[in-house]
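Asker: Give me a 3D structure for the following:
(4 chains, ligands or ions: 4)
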Amino acid sequence: MKKFKNAEYLISLFLSILASLIIGAFIMLANGRNPVTGYVALINGAFGSKYNIATTFAKTVPLVLTGLATSISFRSGISNIGGEGQLYLGAFGAALIGITFVNLPGIVGIPLALAASLIAGGLYALFPAILKVRYNIDEVIVTIMLNTVAVLLTSYLVNYPFASEIGKMGGTEIIAEGYQLSRLVRLSTLNTSIFYVAVISIIMYYLLERTSIGYEIKMVGQNSNFSRYGGINVKRRMIFAMVVSGALCGIAGAFEVLGVHYRFLQHISPGYAWDGMLIALIVKNNPIGVVLMSIFFGALKTGSISMENATGIPSELISVIQSIIILFIAGESGFKTKIKSFLANRRAIKKAGEKNA
Amino acid sequence: MAEKLIELKEITKQFPGVLANDRVSLDIEKGEIHAIIGENGAGKSTLMKILYGLYQPTSGEIYFKGKPVSIKTPLDAIKLGIGMVHQHFMLVPSFTVAENIVLGVEPRKNRFMMDYRKAVSITEELSKTYGLKVDPNAKVESLSVGIQQRIEILKVLNKGADIIILDEPTAVLTPQETEELFKVIRKLVEELGKTVIIITHKLQEVLALSDRVSVMRQGRLVGTLKTKDATEQILAEMMVGREVLFEELNRIEVPREEVLTVKGIKARDNRGLMALKGVSFSLYSGEILGIAGVEGNGQSELVEVLTGLRQAEEGSVMIKGVEATNKEPMEIRNLGVSHIPEDRLATGLSKKATITENMILGYHNREPYATKGIHMNKKPIRERVSRLIKEFDVRTPSQDVTADKLSGGNMQKMVIAREFSFDSSILIVAQPTRGVDIGAIEFIHKEIIKKRNEGAAILLVSADLDEIFRLSDRIITIYEGEITGEFKRREISKKEIGLYMTGKRKGMRQGGVQDEEI
Amino acid sequence: MLKEIINLTLLQHTIRTATPLILAALGGLLTQHAGILNIGMEGMILMGAFFAIVGSYFFSSSLAGVLMAVGVGILVGLLFAYFVIDLKSDEFIIGIAINILAGGLTVFLLRSIFGVKGAFSSPDIVPLPRFRLGFLEGIPLLDTIFNNHTVFVYVSWILVALVYVYLYKTPYGIWLRASGEFPEALETAGVSPRKMKYISSIACGVFCGFAGAHLSLGYLTLFTENMSAQRGFIAMAAIIFGGAHPIRTLIAAFMFGFFDALGIRLQVVGIPSQFTQMIPYLGTIVVLFVVAKSYIRKIKKNVEGES
Amino acid sequence: SNEKTPSEDGKGTKVGLVLAGGLGDRSFYDSANEGVEKAKEELGIEFKVYECRNDPSLYSDQLVQASEYADIVAVVGFEFFDIVQEIAPEFPDVYYIYVDNAIEGIDNLITISYIENEGSFLAGALAAMLTTETSIEGINEEKIIGMVGGVDLPVIRNFYVGYEAGAKYIDPEVDVRVIYAGDFEDPAKGKEAATALYSGGADIIFHAAGKTGEGVFEAAEELGKYAIGVDSDQRYINPDHIVASMIKRVGQSIYETIIKIQNNEIEKGKVIYYGLEQDGVGLGYGTDDMPQFATEEMKAKIDEIKEKIISGEIEVPTAK
Ligand SMILES: Nc1ncnc2c1ncn2[C@@H]1O[C@H](COP(=O)(O)OP(=O)(O)OP(=O)(O)O)[C@@H](O)[C@H]1O
Ligand SMILES: Nc1ncnc2c1ncn2[C@@H]1O[C@H](COP(=O)(O)OP(=O)(O)OP(=O)(O)O)[C@@H](O)[C@H]1O
Ligand SMILES: [Mg+2]
Ligand SMILES: [Mg+2]
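Answerer: Numbering: from 1, shown residues only, chains lettered A, B, ... in the order given. Ligands and ions are numbered 1, 2, ... in the order given. Next comes the predicted model:
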C-alpha cells in the first residue's frame, strides 16, 4: 500500500518534471533555440563527466543540510525561515576557529569548527524559538528579520575586526591548513564534506523517521493540542526542532568555509537556506526526498550553467524554465486529483449507465 | 397522499475509494418531519449534502415539486427554499451572531455598504418570532454549542427556507435543549408549514418527533416507514442488519479505595472568566462517577484541570496520594490517568497522522515499542495497533490511512482503544459517545463498565443524561462552576436532577427516591 | 548633529519608503484574510515595475504604464490562485516559483524588448505625476512633509481606508474574511469561497502591480533587475506585524520606513553602516517583543482586576 | 576538449570573460565587456562571457568552464581572489588576466590592480571645487559633498578614502559624508541615500554603488543637484546632472593586456597596476556636446594634481 503510494508519487513527479521540460522546450523554440541541444547540454553539464558529476554533488551539500533543517522545523510546526542567518553565523563561527587555533591538527580542529558553527547556528535559532513559545511572537517575521541582522553583523566583523589583510575581499583570513577539507575531484569544489553530509542525512533520517523524538516532533507539528494531551512536552520539542534546524544551517555554513572557500566571505551564501526550504517543501519534509531533490536541484543548477555556456540560451530563460518546473512539481498532486476525479466520474457514469440499461 | 416535495432518484455518490451513496431513492413530503437514521458512515450526511448542493451526485436526479432540478451550489438549494443545519456548525467564530445569521444575505445601506444595525434588528426579529433567544452582538466563539445550534437554525430560517435539513442537531444538546429544539421544530412544521428532515442517532427522538423515518446502511436506503409503525427494536435492526440488545449492564462489586481527591479547585475559562468556583469531590476505584450538568458549566474546565491541560488558580488535586495540582499532562498520565477528551478532533487525535501514529501516542517511548525510549520498533507497534483495531472494532481499510479518513464513530473508537489500552487506574471520560451510532454506543458503554469492573476509577462527563444514568454508580451535578448535588445510583430521577443541573436546587439529597426506569 | 538626523526629510523619507510597502501589503493582507499566505508578492512587484515601464515607454503615458502593471498583476494573481486554490498546491512553493519566474522573465524581456541588460532608463518613459495639495500649501510643516509626493503616495492612503471599509463594512469583505476563517460556513451560506479567494488573489496582483508601478514610474523613472529588492518580503512582515489589519499594517509599514530613514541618517553621524542598516530589523523585533509583553501584562492585569 | 591553437596574428584566439556579477551594470562589468568587444573588432578574437551573477557557488564552475573554452581568460571581480589561484595552475596553457586584485607569483596569471583611490582623489578634488561654485544652479555655499557606496567593502572604502583625501586636499574644511546603501541593486535605496545627503547640504555626490547608483542620478535630477558617476563614463545617462565620472578603464586594460599577451610582452606572474600614471583610472568629462560644469581652470587644477600624484608628490591614502 505504502510502497505503491511511493511509486505512484515518483511517477507523477517524473511526469510533472517532464511536462515542464516540454513547456521549456517550447519556450526555447519560440526563442529560436534548439531544445534538444539545450537539454543535451543540460544533462551533459550535470552528469557528463567526473568533474560535472562532482560539481553537481558539490552543489547538493548545502542544499541537503538546509533542506533537512527546514524539514525538522516545519515538521514541528515552527517555521524556521532564518536559515540564511544561521548559516552565516555558523560559517563565521567555523572560520573564527579556523583562523584562531591555527596549530590544531585537523582531527581536533575540524570537529571544533563544526561544533562552533553548530552552536552559533543553534543559538541563533534558539532566540526566535524562545520568543515563540514564551511570548507567542510569530517566528516567521522574527527569523526573517534575524537573517538580515546576521548578514550585516558578519559583514561588519569581516570588514573591520576580522578583515583579511590581503585580497581586499570582505572576508576573513584563510583558515589554517588543518581545517581545510580536501577536495575529491580535480577542479571541482567537491570535498570531503559530502561524507559528513551523508552521515548527517542518515542521522536526521533516523531521528525523524525512526525515533520517538522524531515521532513527537511530527505530532507536535500536526496537532499541538493532541500532543500535549498525549503527554508530549510541546514547547521543549519545538525548541529542540528549531535549535537542530539552526545547527544544521550553521553546519551548512561551516562546510562552505571549511570545504569550498577556506575563509568566511561577506556574501558566502547565494540563498542556500531559501533553496533548501523550497526543496523541503516540495518533498513535504521527507528526509529522503530532501536528499534526492537536492541532487536534482544541484544537477539543474550545474547543468543549466553548462547549457547557458554551450548553447547561448540565456540564463534568465533557464530560471523561467526552473520556475515552471517548480510550479508543476507543486501542482503535481492537484493535477493528479483533478485527473483522477475526472476519470472516476466517467467510470461511475459509465457504470451507472450500464446498470440502468 | 401528501404532495411530494422532493424526490431523490437513484442518487449515487462515489468518493475515491468509497461508494457513499448507492442508488438511493427517497421522497420528502410537504409538511412532514422526516427522520433519517443509520450507522456512522452510512451516507446520511453525504445524501443531504447532495441535496444542499455541496456535493454533486455521480449519477441520479433530484425532482423538486415534480420537476427535475439541478442543484449545483448551496445557492441553488437556498433559492429552492432548502436550508441545512450541519452536523459541525458552519459559523464563523470571530463574527458576531448577527453577522453569522445574515451571512450571504446581508442587508445593505446601498449597493456596497452592509447595514449592520439592520442585521441586528433582523436577528432580534427572528429571535422573537421563533422564540430562540440569542444576543445579536455576541461573538460566536464565546457561545455554548446550544446557542450556536439556535444561531444555525435562525440562519437557515432567515434565508427563507421551507425545507430544513438538520444533521444530528441533538448530538451536543442537553435534554432540556433537545426538548426546546423539538418544540421549535414542531412549531415550524405545524404553524408555519415547513418541512423538516432530521438526521439523528437517537431512536427515542425519532419515535418522539418524526412522521416518517428512512434507514440507511452502507450507502443504501434500507427502507422508509411510517413512524407509528416503528419501534426501537425494528429501527435498530434495520440499521445494523442484526438484532441489537440494550441489555442491562453487568456490575460487580469491587473494593473501593479513594484514588482521586479534588479540593476547592478554582480555574478560569479561555476568556479569563471564573469557570470553576471551588469544586471538591473524591473518586473511588471500582466506581463510575457521573458529572451531570448543562454544557458550559465548568465540566470541560474541570476535566482539563484534572488532566493537566489547564492551570488551576486555587485548590488541590491528589492522585493516589500524590500531589498532582497543575502538573504537566505527561506527569499526570504517568500517575496512571487516561483521558477521553470531549473534542476528539481538536484534542483526541491528529487528523493528518496515520491510525498507527494516533494509536501509539503515549506508548511511543515505552518498551518494547521504543528501545531505550528512543528507537521505535515498527513490528511491535504495528502488532499492538492492529490488535487494538480488532479488539475495539475500529473500521478502517488499513492502519496506514490517515485518521481523517475515518467516520466520526470510528475516530471515537480509535481514541477509546488507545486510552483504554493503558493499564490506567483512573479514566477521565468526556462525552464518550457523542455523534456515535447505536452499535458503537453499546460497545463503548460495555467497555466502560468492563473497566469499572476491573477496578478502575472512572469519571464520566456527559451531556447525555441517559448515558449518565445508565453508567454511573454515583452522580454529582454541576452548575456554574459549583457542585450542586451528589446522588447514589437510582437515588434521583432524570426529571428531578434537572433542577440541580440548572441551579434551582442545591445540596445533598436525603433518602432514596425510586428512580424512573432507565 | 541631531539636526542632521531628526528633521523633516526624515518624515518625507519615511512616507516615501513606506508607500510601496503599504501598496503591496494591502494586497497581501487581502489574501491573508482569505487564508492564503502570499510570498509571491516580491515577484508580483517586480513584474509590475517592469510592465509599468513597458506601458509608459511605448504608449507615452504613465496611465498606460499603470494599466499594464495592473493587467500583468491580474494575470499573475490568476496563476497564483489557480495553483493554490484549484490545485491546492503549497502556497509557499507557488510564491517562491512566482518570484523566480518574475526574476527570470523581467530580465529576459528587458533584453528582448529594450535590448539592454541590467537597467533601462529613457527620457521617453513618462513618470507618474506629482501631486500638490492646494490646501496644504500655506501650512509650513505639513506642506513639506505631506505635499508634493507622487500620486501613489496619496493613493496608498486612500486605499488603506477603502480596504478597511471593504473588509469590515461591506458584505464582500465579510465574505472574504469568512472564506479564510471558515470557508465551509461561507459556502453553505450560498457564497463561493473559491470565488472570494480568487478575488483576493487577483486583488493582490493588482496592488502589487501598483507597488511596482510606483517604484519604477513614481519613485524612480527606470527599471533595474531585481529592483523590488526584498520589498515583497518586508510587506509580508508588515502584514504579519499588523495582524492583517489595514490600519495596523499601515503603521507597521511606516515603522519600517521610519527605521530605514533613521538608519540612513545615522550613518552620517559615523556609526558603521552595518549597524545602522540593522535598525529596521532589530527595531521590528524589539517592537514585537514590547507589544507581546505588554499584551501578556494586560491579560494578567485584567485577570487580577476581575478577581 | 577544443583545440587551442592561437594563430600568430591573434585571429581565432579565444577569450573567456568571467564576471563575478553580470552584464548590464552600466559600469564595471560592462566596461570589461567593452574591452573584449574591442579586442574582437580590432584583433579578431572570439569570446564568451561567463556571468556568475554574484552567486559564490558559481565562481569555480564558471572559471573552469571558461578555462576549458579559452586561451585567455579574463577574470573580473575581487571575489575570485582564492579561486583563480587554485584554478590557474591547473591550466598552464591558459593565460589568466585577473582584474581588480593583486596576486603575484603564478606564471600564467597576470593581475591588473586599479588604484581606484587615485581616480577617486580627482573626483573628490573636483567635487570640492564645485561645491562652492554658487554660480551653478543648485550649488550652495556650504562645503559639503557626499558619496553613496553600494556595500561597505574594502574596494568601495578605497574609493571613499581617495575621494575624501582629494576633497580635503582642495579645502580641508570640506565635509565629506558617506552613506552605504547596503545593496548594489536597489536604486530606490540609492535615491533615498542621495536625498538624505543632498538635503543635508551636499550638492555633489559621488557614487560607487552599481545599479543602486541609478537612484543617485535620479535624486540629483529631481533635486537639481549633481552627481559623479563611476567606472564607465556615465555622463551620457544624464548629462545635465552628472558632472563627471571616475573612470576605471577595465575594458581598456583588458584589451591592452590581451595585446601584450599575444605579443609575448608580458612579465610572468606580475601585478600590473593601473593608476593615473597608466591611465587606468581617471576622470571623464563626457563628450563635447554635453554642458561642462568643470571649468577649464578646474580641469587644469585636476591635471596638476594628477601630475603630482604620478610624481609621488601627493600620496593618496589606501583603505584598510
Ligand atoms: N469528502 C469525502 N471524501 C471521501 N469520502 C467521503 C467524503 N465524505 C464522506 N465520505 C465517506 O462517505 C461515507 C459516507 O459518509 P457520510 O458522511 O455520509 O456518513 P454519515 O452517515 O453522515 O455518518 P455519521 O453518522 O458518522 O455522520 C463514509 O464512508 C465517509 O468516509
Ligand atoms: N476526504 C475524505 N476522505 C475520506 N473520508 C472523509 C473525507 N472527508 C470526510 N470524510 C469522512 O466522512 C465522514 C463525514 O464527513 P463530513 O465532513 O461529511 O462530516 P459529517 O459530520 O458526516 O457531515 P456534516 O457535518 O456536513 O453533516 C466523516 O466521518 C469523515 O471522517
Ligand atoms: Mg454525518
Ligand atoms: Mg556647497
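Asker: residue contacts, the residue of chain C at minimum distance from ligand 1?
Answerer: Nearest residue of chain C to ligand 1 (Cβ to the nearest ligand atom) works out as residue C:184 at 11.4 Å. (Glycine included, C-beta is placed from N, CA and C.) By Cβ atoms under 8 Å, 6 or more residues apart in numbering or on different chains, the contact set of residue C:184 is B:86, B:90, C:193.
Asker: so who does the first one touch?
Answerer: In this case it means residue B:86. B:152, B:167, C:184, C:188.
Asker: before we move on, what about the last one?
Answerer: Applying Cβ under 8 Å, 6+ apart, one finds that residue C:193 lies in contact with C:34, C:175, C:178, C:179, C:183, C:184, C:186, C:187.
Asker: which residues sit in contact with the spatially most central residue of chain B?
Answerer: Nearest to the mean C-alpha position of chain B, by Cα atoms, centre = their mean, lies residue B:434 at 3.1 Å. Residues in contact with residue B:434 (Cβ under 8 Å, 6+ apart) are B:171, B:172, B:342, B:412, B:463, B:464.
Asker: one step back: and which of the contacts of residue B:86 is nearest to residue A:75?
Answerer: Closest approach to residue A:75 among those (Cβ to Cβ): residue C:184, at 27.1 Å.
Asker: Per-residue pLDDT of that closest one, please?
Answerer: With respect to pLDDT, residue C:184 has a value of 92.
Asker: hmm, back to that, kindly confirm my reading that the residue nearest to the centre of chain B is in a helix.
Answerer: No. Residue B:434: not assigned to a helix; according to DSSP: H, G, I helix; E, B strand; the rest coil it is coil.
Asker: for the chain, where's the lowest mean pLDDT among helices and strands?
Answerer: Assuming you mean chain A. Lowest on mean pLDDT, DSSP states H and E among the helices and strands of chain A sits helix A:315-356, with a mean of 78.
Asker: Can you tell me the SS state at the closest residue to residue C:65 other than its chain neighbours?
Answerer: Spatial nearest neighbour of residue C:65, chain neighbours left out: residue C:56 (3.3 Å); criterion: Cβ to Cβ, 6 or more residues apart in numbering or on different chains. Under three-state DSSP, the three-state class of residue C:56 is helix.
Asker: And residue D:13, how far from residue B:193?
Answerer: Counting by Cβ to Cβ, to the nearest Å, the gap from residue D:13 to residue B:193 is 97 Å.
Asker: Pick out whichever of these two has more residues nearby.
Answerer: With neighbours defined as other Cβ atoms under 10 Å in any protein chain shown, residue D:13 and residue B:193 compare such that residue D:13 has more, 24 against 10.
Asker: OK, contacts around that one?
Answerer: D:6, D:7, D:43, D:44, D:45, D:46, D:71, D:72, D:258, D:262.
Asker: Top of the contacts of residue C:193 by number of neighbours, please.
Answerer: When neighbours are counted by other Cβ under 10 Å, residue C:178 leads the contacts of residue C:193 with 30 neighbours.
Asker: element containing that residue?
Answerer: helix C:171-181 (DSSP states H and E).
Asker: quick revisit: and the residue of chain C closest to ligand 1, that's in a strand?
Answerer: No. Going by three-state DSSP, the assignment for residue C:184 is helix, not a strand.
Asker: longest single helix anywhere in chain C?
Answerer: Longest helix in chain C, counting residues (DSSP state H): helix C:273-306.
Asker: Using the neighbour-count criterion, name the buried positions in that one.
Answerer: In terms of neighbour count (16 or more other Cβ atoms under 10 Å in any protein chain shown), helix C:273-306 has its buried residues at C:273-285, C:288, C:292.
Asker: Residue B:289: which of those residues is nearest?
Answerer: Closest to residue B:289, out of all of the buried residues of helix C:273-306 and judged by Cβ to Cβ, is residue C:292, at 41.4 Å.
Asker: which non-adjacent residue is nearest the closest one?
Answerer: Closest to residue C:292 by Cβ to Cβ, 6+ apart is residue A:135, at 4.1 Å.
Asker: so what's the one you found up against?
Answerer: C:289, C:292, C:293, C:296.
Asker: count of neighbours near the residue of chain A at minimum distance from ligand 2?
Answerer: Proximity of chain A to ligand 2 (Cβ to the nearest ligand atom) peaks at residue A:337, 10.4 Å away. For residue A:337, the neighbour count with other Cβ under 10 Å is 14.
Asker: where does it sit relative to residue C:197, distance-wise?
Answerer: Distance from residue A:337 to residue C:197, by Cβ to Cβ: 18 Å.
Asker: got the phi/psi numbers for the nearest residue in space to residue D:91 that is not next to it in sequence?
Answerer: Spatial nearest neighbour of residue D:91, excluding adjacent residues (Cβ to Cβ, 6+ apart): residue D:67 at 4.5 Å. Dihedral pair for residue D:67: phi -60, psi -40, per degrees, to the nearest 10.
Asker: gap between whichever residue of the stretch 201-320 of chain D sits closest to ligand 1 and residue C:116?
Answerer: Closest contact between the stretch 201-320 of chain D and ligand 1, by Cβ to the nearest ligand atom, is at residue D:211 (51.9 Å). For residue D:211, the distance to residue C:116 equals 12 Å [Cβ to Cβ].
Asker: more crowded one of those two?
Answerer: For the pair residue D:211 and residue C:116, the greater number of neighbours falls to residue D:211 (26 against 16), based on other Cβ under 10 Å.
Asker: how about the nearest residue to that one, chain neighbours excluded?
Answerer: Of all residues not flanking residue D:211 in the chain, residue C:224 sits nearest, at 4.4 Å (Cβ to Cβ, 6+ apart).
Asker: give me every residue that touches the one you found.
Answerer: Residue C:224 makes contacts with C:118, C:119, C:120, D:185, D:187, D:211, D:214, as judged by Cβ under 8 Å, 6+ apart.
Asker: Narrow those to those in helices?
Answerer: Within the contacts of residue C:224, residues falling in helices by DSSP H are D:187, D:214.
Asker: Out of the contacts of residue C:224, which two sit at the greatest distance?
Answerer: C:120 and D:185 (14.1 Å).
Asker: re earlier: can you tell me which of the contacts of residue C:193 lies nearest to residue C:83?
Answerer: Ranked by distance to residue C:83 (Cβ to Cβ), the contacts of residue C:193 are led by residue C:34 at 14.7 Å.
Asker: need the contact list for the closest one.
Answerer: Applying Cβ under 8 Å, 6+ apart, we find residue C:34 in contact with C:176, C:177, C:179, C:180, C:193, C:196, C:197, C:200, C:201.
Asker: Sketch out the low-pLDDT regions of the chain for me.
Answerer: Picked chain A for this. For chain A, the stretches with pLDDT under 70 are A:1-5, A:348-357.
Asker: nope, chain D please
Answerer: Flagging of chain D using pLDDT under 70 yields the residue ranges D:1-11, D:320.
Asker: residues in contact with the residue of it found nearest ligand 1?
Answerer: Chain D approaches ligand 1 most closely through residue D:57 (45.1 Å), counting by Cβ to the nearest ligand atom. Neighbouring residues of residue D:57 by Cβ under 8 Å, 6+ apart: A:59, A:62, A:260, A:270, A:272, A:301.
Asker: For burial, what's the neighbour tally of the nearest residue to residue A:332 once chain neighbours are set aside?
Answerer: Residue nearest to residue A:332 in three dimensions, not counting chain neighbours: residue A:16, with 4.5 Å by Cβ to Cβ, 6+ apart. Number of residues near residue A:16 (other Cβ under 10 Å) recorded here: 21.
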